[in-house]
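Asks: This is a predicted model, with the sequence first.
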Amino acid sequence: MQAQQDQITDLFIIGGGINGCGIARDAAGRGLTVVLAEMNDLASATSSASTKLFHGGLRYLEYFEFRLVREALIERETLLQAMPHISWPMRFVLPYHADMRFDAETPTSRLLSTVMPWMRGRRPAWLIRLGLFLYDNLGGRKILPGTASLSLRDVPEGAPLQNKFETAYEYSDCWVEDSRLVVLNARDAEARGARIMVQTEVLSAERDGDLWRVTTRDRSSGETRVIKAKMLVNAGGPWVGDIIHTKIRSNSREGVRLVRGSHIVTRKLFDHDKCYFFQGEDGRIIFAIPYEQDFTLIGTTDQDHPDPDQRPECTEAEQEYLCAFASRYFERPVTREDIVWTYSGVRPLYDDGASSATAATRDYTLKVDADGGAPVLNVFGGKITTYRRLAESALDKIAKHFPDVPGPWTAGVALPGGDFPVDGVQDLIDRLVSDYGFLDAAWAGRLVRAYGTEARNILVDAKETGDLGEDFGATLTEAELTWLADKEFARTAQDVIWRRNKLGLRLNEDQVARIDRWMADHAQPEKVA
């Protein structure tokens, strides 16, 4: 214990979501010593509850958030090249009908109503085309195809939609496995020297002159530790405000607005691989996205959330809202009987005083507080698409307190398993099937989409399924569980089946219980030298 207390780390990061892990990776890669503490599992809150999209935020153009959209659009292609196993391009179909009505309170709608009052409540086709033109060109697109017009008659994309929708616009955005993105950033941070502690709660952080004294407790063993740090990074996500006031005890006047976003997963609603972008009269949009081969993901909502400690759930009202919203587009109504799973997350947005949760900014805000001694960086908001740029911006602010820190390095640097071309997924799958005769294309595809080139590190020299150890169902084997426990910080079945993959959609209660028993016997708490 005394040796631990005498060690001084450069950065102590609170929070194991995408912002915390992204900052940890960037900082460790620049030579800073880093300790990160996450009170639950990595990506256990907001970062595993997104709509799973790397996107520029088409609707944010209506709020004139051009800088945010441009940064996000540039990042799409930067990130595609660094993680082609867990992210990939998708085409989005935006159905249009001249009689559609929309929210009249966005900045764009108010401006249009002023100069063209007869258009109040309408979003004319030329305005949508203008928005998509900006979306195509703001970010200097190189990899993704541009916008096209689409006739919905006699094409698969039109088949599930109501007959009144005859035309659509089709544009590009990207999918991302959000929780795996967090884990891979944590793994890369650890490989570069960071110390990642899951199931570790920060009890308090006190300034001691030019240092922070951070007291932590391992939630598994109950062991407490004191770690000294030159700078604190508060990337607590929904708990960022709570950490400011109850852990750090700062008088910061910065506020956080908690906004709940809920999603439903239904049985498969259409037989093609494109997504739908649906526009609503309330100013909201939702996506309907092919999900895990056999399902459709629909979301999201925007509701203010009162308390970070109140577990976010997709309420019955939100389920009804999403079903009704989608049913205004699909020929066959979507009902709650179609739902097989729901999930909900809380976005910790910077409180900019917006009148509604929908209008609140999605941009990130970084604030350094050095009053009273050792500095702390508080992280508000952010989008998963811009996490890497947020980390770079955070390091810009951190570097003022560490003058010899090198400059940015993460752009284009592959995450673990992502060291192959953007269009190389099928080749990896084919070679796995060829080299491991017991794999079918679906199993090999799942492994490649999770682990990329590292899939072979799990399979090693297996000749048959039995060589991978116990079979837990849905192609999950003991060899993979060993990898997740040893390399990816997983401690429980829930960590495995909802955040390292989505096999929870396919496993029964008995299978999950077997996984939990195995993890309890094999997943090891952090080993401290």
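Replies: It's in.

Asks: can you list the weak-confidence ranges in the stretch 1-150 of the chain?
Replies: Across the stretch 1-150 of the chain, the ranges flagged by pLDDT under 70 are 1-6, 101-104, 118-121.

Asks: can you give me the strands in it?
Replies: Under the criterion DSSP state E, counting those that start in this stretch, the stretch 1-150 of the chain contains strands at 8-14, 34-37, 53-54, 87-96, 148-151.

Asks: quick one, which of the ones you listed is nearest to residue 397?
Replies: Checking those against residue 397 by C-beta to C-beta gives strand 8-14 as the closest, at 11.7 Å. C-betas here are computed from N, CA, C, even on glycine.

Asks: want to throw the strands of the stretch 1-150 of the chain into a markdown table with mean neighbour count and distance to residue 225?
Replies: A markdown table is the format used below for these (neighbours: other C-beta atoms under 10 Å; distance: least, C-beta to C-beta, whole Å):
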| stretch | mean neighbour count | distance to residue 225 |
| --- | --- | --- |
| strand 8-14 | 23 | 11 |
| strand 34-37 | 26 | 10 |
| strand 53-54 | 26 | 36 |
| strand 87-96 | 20 | 36 |
| strand 148-151 | 14 | 57 |
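
Asks: can you tell me how far the residue nearest to residue 423 when sequence neighbours are not counted sits from residue 77?
Replies: Leaving aside its sequence neighbours, residue 423 sits nearest to residue 84 (C-beta to C-beta, 6 or more residues apart in numbering; 7.8 Å). Using C-beta to C-beta, to the nearest Å, we find residue 84 at a distance of 11 Å from residue 77.

Asks: next one: residue 208
Replies: Counting by C-beta to C-beta - residue 208 and residue 77 are separated by 45 Å.

Asks: Counting neighbours, go ahead and name the busier of the two.
Replies: Between residue 208 and residue 77, counted using other C-beta atoms under 10 Å, residue 77 has the larger neighbour count: 20 against 10.

Asks: Run a quick neighbour tally on the residue nearest to that one when sequence neighbours are not counted.
Replies: Residue nearest to residue 77 in three dimensions, not counting chain neighbours: residue 143, with 5.0 Å by C-beta to C-beta, 6+ apart. As a burial measure, residue 143 scores 13 neighbours (other C-beta under 10 Å).

Asks: The one 10 residues further on too?
Replies: Neighbouring residues of residue 153 were enumerated by other C-beta under 10 Å; the total is 11.

Asks: Setting aside sequence neighbours, what's the nearest residue to it?
Replies: residue 166 is the one closest to residue 153 (C-beta to C-beta, 6+ apart), at 6.3 Å.

Asks: Identify each buried residue in the one helix or strand residue 184 maps to, please.
Replies: Per DSSP states H and E, residue 184 falls inside helix 178-191. By neighbour count, with 16 or more other C-beta atoms under 10 Å as the criterion, the buried positions of helix 178-191 are 178-190.

Asks: if I look at the residue at minimal distance from the centre of the chain, how far off is residue 507?
Replies: With distances taken as C-alpha atoms, centre = their mean, the residue of the chain nearest its centroid is residue 178 (3.6 Å). When distances are taken as C-beta to C-beta, residue 178 and residue 507 turn out to be 20 Å apart.

Asks: repeat for residue 292
Replies: Separation of residue 292 from residue 507 (C-beta to C-beta) stands at 13 Å.

Asks: what about those two, which has more around it?
Replies: Of the pair residue 292 and residue 507, residue 507 is the one with more neighbours under other C-beta under 10 Å, namely 19 against 16.

Asks: isn't the more buried one right up against residue 494?
Replies: No. Assessed by C-beta atoms under 8 Å, residue 507 is found out of contact with residue 494, at 11.4 Å.

Asks: what sits against the closest residue in space to residue 330 that isn't next to it in sequence?
Replies: Nearest non-adjacent residue to residue 330, counting by C-beta to C-beta, 6+ apart: residue 160, 5.5 Å away. The contact partners of residue 160, taken as C-beta atoms under 8 Å, 6 or more residues apart in numbering, are 269, 270, 330, 331, 332.
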